[in-house]
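>>> for reference, the sequence and a predicted model appear below.
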Amino acid sequence: MSLYIRRTSEGCHIHYVLRESYWNGSYFAARTILDLGMDPSDHIVYTGGNGFYFSDAVEEAFDRMGLERETEDLEKAFLCYLDPHIRRIIENFSTGRGPSHPPWDPEESAYRQRFLHP
């Protein structure tokens, strides 16, 4: 299951829906889970600090359709609608702490450091 938020135009208004793409046995299909209205962030409830959860409407939509969901999938779908501070925290957790480049051998490291620390 892959969750995403689809942006559509209805006349001169922008509208959002939470959708799921899934394999139906023969091909990939998509279905609408919930109409999010004109602002998906209305379905994010902040509890203080860095805490948040998704509105009851989101939970009820999954229950009504008999779908299971992972909180991480919802977080990914709603990521760009989260408070920027909380979004940075989630992105830091999801990117890991490993090096962003392949490890260099000692000679390569010494060569590169020579230009950084003259």
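Thanks, I have the structure now.
>>> residue contacts, residue 80?
residue 87 (C-beta atoms under 8 Å, 6 or more residues apart in numbering). In this view, the C-beta of every residue, glycine as well, is placed from N, C-alpha and C.
>>> for it, helix, strand, or coil?
helix (DSSP: H, G, I helix; E, B strand; the rest coil).
>>> hang on, residue 15 packs against residue 5?
No: if you go by C-beta atoms under 8 Å, residue 15 and residue 5 don't touch, sitting 10.7 Å apart.
>>> so what's the residue nearest the centre of the chain up against?
Most central in the chain under C-alpha atoms, centre = their mean is residue 76, positioned 1.5 Å from the mean C-alpha point. Applying C-beta under 8 Å, 6+ apart, we find residue 76 in contact with residue 3.
>>> in terms of helices and strands, where is it?
Take DSSP states H and E as the rule and residue 76 turns out to sit in helix 71-78.
>>> buried stuff in the following helix or strand past that helix?
Next along the chain after helix 71-78, taking DSSP H and E as the criterion, comes helix 84-95. Buried positions in helix 84-95, judged by neighbour count with 16 or more other C-beta atoms under 10 Å: 86, 90.
>>> so for the following helix or strand past helix 84-95, what's the average pLDDT?
Counting by DSSP H and E, the element after helix 84-95 in chain order, helix or strand, is helix 106-116. The average pLDDT within helix 106-116 is 72.
>>> kindly export helix 106-116 (C-alpha atoms) in PDB.
This file holds the C-alpha atoms of helix 106-116, laid out as PDB (Å, rounded to 0.1, in the frame of the first residue of the first chain):
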ATOM      1  CA  PRO A 106      43.200   7.500   4.300                       C
ATOM      2  CA  GLU A 107      45.000   9.100   1.300                       C
ATOM      3  CA  GLU A 108      41.900  10.600  -0.100                       C
ATOM      4  CA  SER A 109      40.900  12.000   3.300                       C
ATOM      5  CA  ALA A 110      44.300  13.600   3.800                       C
ATOM      6  CA  TYR A 111      44.200  15.100   0.300                       C
ATOM      7  CA  ARG A 112      40.700  16.600   0.900                       C
ATOM      8  CA  GLN A 113      41.500  17.800   4.400                       C
ATOM      9  CA  ARG A 114      44.600  19.700   3.100                       C
ATOM     10  CA  PHE A 115      42.300  22.100   1.300                       C
ATOM     11  CA  LEU A 116      39.900  22.400   4.300                       C
END
